[in-house]
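Peer 1: Build the 3D model from these lines:
(2 chains)
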There are 2 protein chains.
Amino acid sequence: MKKITLAHGNGGVETNEFIQKVFKKYLGDFLCADGEDAGIFINNAKSYCMSTDSYVISPIFFPGGDIGKLSICGSSNDVAMMGAKPKYISIGFIIEEGFEIIELEKILVSIKKELEQTSLQIISADTKVVPKGNVDKIFINTTAIGEIVKEGISAKNLKEGDCIVLSGDIGRHGSMIFCARSEIDLHSNLQSDCKQLYPMLDKIFQSDISINALRDATRGGLAAVMNEWANASKVNIILEEKSIPISKEVKGVCEILGLEPYVLANEGVCVFSATASDAIKICDILNSSSKGKEATIIGRVEGNNIATPKVILKNDWGTKRYLEYPQGEILPRIC
Amino acid sequence: MKKITLAHGNGGVETNEFIQKVFKKYLGDFLCADGEDAGIFINNAKSYCMSTDSYVISPIFFPGGDIGKLSICGSSNDVAMMGAKPKYISIGFIIEEGFEIIELEKILVSIKKELEQTSLQIISADTKVVPKGNVDKIFINTTAIGEIVKEGISAKNLKEGDCIVLSGDIGRHGSMIFCARSEIDLHSNLQSDCKQLYPMLDKIFQSDISINALRDATRGGLAAVMNEWANASKVNIILEEKSIPISKEVKGVCEILGLEPYVLANEGVCVFSATASDAIKICDILNSSSKGKEATIIGRVEGNNIATPKVILKNDWGTKRYLEYPQGEILPRIC
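Peer 2: Model (predicted):
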């Protein structure tokens, strides 16, 4: 490892190794968010969590959203995944000299719309302009703070017998980006699933349902989350291929481009691990809202203290294969 | 205003206009940090403030620091300027494909050293890798959270009769960048003043001294802070040129390159507004530490409810000139 490669940012094996061997070597002692989407702080009467993300997506405008919408949804979702209500957000823009102000205004309108969805307040903002060629159009960093309303969620908390619940069909964001960048004109109606998850989760957070783990399946897709959980909790996860909802459009694009839907990024889909009875309650609540009507149980957790945890995908004919942690260059600048 | 220009990011008149006419038009209703370096939130027993900044400096390694050190100092200082002890920080890296890992490691070492200075904890981190040519080497966003220990500081709080205290000599960071980028070999010993200010301010924050306003003089330099304060508080500010400490090296560079030291960026200098008696106490405390030994009173606040507030610079011979808000392209990528 001498130079940074695109695989260092793919959300898979190489990213993980890069973070472990480079970042943690120097900064490990200062980290308080290890292995989760957001760090927890302030233990007065209330607990808060905070999550940062830089958005470098290309193209900046895409079917189903733009870099502005994505930058709010992404960080809002990262704190929601800690059982938190998104409260405050900071926004940092890095803009290329010569960028059209009318395009910036479109992005700001999208940001405004998303802030209204969850009553998010901007607590700090920053703009840097860099000379032409020093950045590609516009990058946005957002850092969100959420107030924790559902305690006890962690990637390390999966228990034998838990069911895995998926909130919606997978692969839309990732396959949309493949189509948008493909030189083949795919004439697809595919849109990114980019959305804030908190409005769909609020009712679950307010209930007495216990959530053992919760994560949005972004970079690296469902495969990355399942492998991270299996490793963090030292359990096996068995998924039923036929239970995993995938739209016709995504299936079509995957067939044409030879893609695996399980590693494709999502921007509005989350996964839960909970006891069987709580998993049913989660599905019921999600199914009652339009955004969660496809939510379903897709698998279960087996074993405990497993030395080499595995994620196993069972297909319709009962055969099994390992669902590996994504590897290599998947696609840069997907978020 | 149709396209983004470098002047939109200079920290002067154009940046201000750009923020007012574009950003606030759409996001103004969601802002809770208007006109200050950081936003305040959570009013339980304790108050916290938060500030975000993207660091895009070129060159990434410079005399007196690097982009890593700068990214911690900058956001740490922004919350310190609200009377807060820096507590938590998030870090987002955007790295160009092909960047040398050994250079990244140097940056991480600098970050580690700075975190140790003020016991800052990393609460969230993110890394994005983008294809070669999509970003110039490395950009870093940091978002800091501070716990407010000294209340009542605001750009709107300058009072007639206040004294202006400057914590150290000005123009080092800005003139160092000019030298580093100049094609003329200036053979200067000039180093950036990049440092965290909180360790120097802690004693003042813990005392009964009232600080009316406090700000670090970064982009746009002393001239920008003085003009922002005068406008926000509707007062005139009279500065004594001979009282403003400027090092020989900075004076030399300014003469050679035809620069005005008052608009040059600083990364380790702050300005206070306080009553005359508190200003003397502030100077005494600062002077007792090695980093603040040049701290001195440089001017005073006059008038109130002034319709067109001015910053006036009196020179050694008693003549006066307006110190204007910086305008036009000063220098891109200074921080």
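
Peer 1: For whatever residue of the stretch 151-300 of chain A ends up closest to chain B, which residues are in contact?
Peer 2: Residue of the stretch 151-300 of chain A nearest chain B, by Cβ to the nearest Cβ: residue A:219 (9.3 Å). (Each C-beta comes from the backbone N, C-alpha and C, glycine too.) Counting by Cβ atoms under 8 Å, 6 or more residues apart in numbering or on different chains, residue A:219 touches A:10, A:11, A:15, A:265, A:330, A:334, A:335.

Peer 1: quick one: which of those residues has the most company?
Peer 2: Ranked by neighbour count under the definition other Cβ atoms under 10 Å in any protein chain shown, those are headed by residue A:265 with 30 neighbours.

Peer 1: I'd say that one and residue A:218 touch.
Peer 2: Yes: counting by Cβ atoms under 8 Å, residue A:265 does reach residue A:218; the two are 5.5 Å apart.

Peer 1: Now do the shared contacts for those two.
Peer 2: A:11, A:335.

Peer 1: count of neighbours near the closest residue to residue A:17 other than its chain neighbours?
Peer 2: The shortest distance from residue A:17 to any non-neighbouring residue, by Cβ to Cβ, 6 or more residues apart in numbering or on different chains, is to residue A:1 (7.9 Å). The number of residues packed near residue A:1 is 11, by other Cβ under 10 Å.

Peer 1: what about the residue in the stretch 201-335 of chain A that chain B sits nearest to, which SS state?
Peer 2: Shortest the stretch 201-335 of chain A-to-chain B distance, computed as Cβ to the nearest Cβ: residue-wise this is residue A:332, at 5.5 Å. What DSSP: H, G, I helix; E, B strand; the rest coil gives for residue A:332 is coil.

Peer 1: Quick check: it touching residue B:129?
Peer 2: Yes: using Cβ under 8 Å, residue A:332 is in contact with residue B:129, at 6.8 Å.

Peer 1: more neighbours, the two?
Peer 2: Remark: of residue A:332 and residue B:129, residue B:129 carries more neighbours, 27 against 21, as counted by other Cβ under 10 Å.

Peer 1: Output the below-cut-off pLDDT ranges for chain A.
Peer 2: Applying pLDDT under 70 to chain A picks out residues A:33-35, A:42-45, A:183-187, A:329-330.

Peer 1: again, only using 50
Peer 2: Scanning chain A for pLDDT under 50 picks out no residues.

Peer 1: any shared contact partners between residue A:332 and residue B:129?
Peer 2: Common contact partners of residue A:332 and residue B:129 (Cβ under 8 Å, 6+ apart): A:6, A:9, B:97.

Peer 1: Could you dump those into a markdown table with neighbour count and secondary structure added?
Peer 2: Converted to a markdown table, the shared contacts of residue A:332 and residue B:129 look like this (neighbours: other Cβ atoms under 10 Å in any protein chain shown; DSSP: H, G, I helix; E, B strand; the rest coil):
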| residue | neighbour count | secondary structure |
| --- | --- | --- |
| A:6 | 19 | helix |
| A:9 | 28 | helix |
| B:97 | 20 | coil |
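
Peer 1: So what's the residue count around residue A:242?
Peer 2: Counted with other Cβ under 10 Å, residue A:242 comes out at 11.

Peer 1: Run through the helices of the stretch 51-200 of chain A in chain order.
Peer 2: Taking DSSP state H, counting those that start in this stretch as the criterion, the stretch 51-200 of chain A carries its helices at A:67-80, A:101-117, A:172-181, A:198-206.

Peer 1: Rebuild these as TSV, extending it with mean neighbour count.
Peer 2: Conversion of the helices of the stretch 51-200 of chain A to TSV gives the following (neighbours: other Cβ atoms under 10 Å in any protein chain shown):
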stretch	mean neighbour count
helix A:67-80	29
helix A:101-117	18
helix A:172-181	24
helix A:198-206	19
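
Peer 1: Measure how buried residue A:314 is and give me the count.
Peer 2: The burial count for residue A:314: 16, using other Cβ under 10 Å.

Peer 1: Please list all residues in contact with it.
Peer 2: Contacts of residue A:314 (Cβ under 8 Å, 6+ apart): A:238, A:239, A:240, A:241, A:320.

Peer 1: ok, 6 Å please
Peer 2: Residues counted as contacts of residue A:314 (Cβ atoms under 6 Å, 6 or more residues apart in numbering or on different chains) are A:240, A:320.

Peer 1: next one: phi and psi at it?
Peer 2: Main-chain dihedrals, residue A:314, degrees, to the nearest 10: phi -100, psi 130.

Peer 1: what pairs with it across the strands?
Peer 2: Counting by DSSP bridges, residue A:314 is bridged to residue A:240, residue A:320.

Peer 1: how much space is there between it and residue B:127?
Peer 2: Distance of residue A:314 to residue B:127, given as Cβ to Cβ, to the nearest Å: 34 Å.

Peer 1: Likewise for residue A:106?
Peer 2: Residue A:106 is 28 Å from residue B:127, by Cβ to Cβ.

Peer 1: Which residue lies closest in space to residue A:299, excluding its sequence neighbours?
Peer 2: Sequence neighbours aside, residue A:239 is the residue nearest to residue A:299 in space, at 3.7 Å (criterion: Cβ to Cβ, 6+ apart).

Peer 1: Wait, that neighbour touches residue A:300, no?
Peer 2: No: the pair residue A:239 / residue A:300 is not scored as a contact, 8.6 Å apart, by Cβ atoms under 6 Å.

Peer 1: In contact with the residue nearest to residue A:299: list those residues for me.
Peer 2: Residue A:239 neighbours (Cβ under 6 Å, 6+ apart): A:298, A:299, A:313.

Peer 1: chain center to the helix or strand containing the first one, what's the gap?
Peer 2: Secondary-structure element containing residue A:298, defined by DSSP states H and E: strand A:296-302. Remark: strand A:296-302 is offset 19 Å from the chain centroid, using Cα atoms, centre = their mean, to the nearest Å.

Peer 1: elements contacting the top strand by length along chain A?
Peer 2: Taking DSSP state E as the criterion, chain A has its longest strand at strand A:84-96. Counting contacts by 3 or more Cβ pairs under 6 Å, 6 or more residues apart in numbering or on different chains; DSSP states H and E, strand A:84-96 is packed against strand A:121-130, strand A:138-148, strand B:48-55.

Peer 1: Contacts for the last one, please.
Peer 2: Same thing as strand B:48-55. Taking Cβ under 6 Å, 6+ apart as the rule, strand B:48-55 contacts A:90, A:92, A:94, A:123-124, A:126, A:128, A:143, B:37-42, B:67, B:70-71, B:74-75, B:78-79, B:82, B:84, B:140-141, B:143-148.

Peer 1: what angle separates it from strand A:138-148?
Peer 2: Counting by axes from the mean of the first three to the mean of the last three Cα atoms, to 10 degrees, strand B:48-55 lies at 160 degrees to strand A:138-148.

Peer 1: Put the alpha carbons of strand B:48-55 into CSV.
Peer 2: Extracted C-alpha coordinates of strand B:48-55, given in CSV (Å, rounded to 0.1, in the frame of the first residue of the first chain):
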residue,chain,number,x,y,z
TYR,B,48,-22.6,23.7,23.0
CYS,B,49,-21.5,25.3,19.8
MET,B,50,-20.6,23.7,16.5
SER,B,51,-18.6,25.0,13.5
THR,B,52,-17.7,23.4,10.2
ASP,B,53,-14.9,24.3,7.7
SER,B,54,-13.4,22.7,4.6
TYR,B,55,-9.7,23.0,4.2
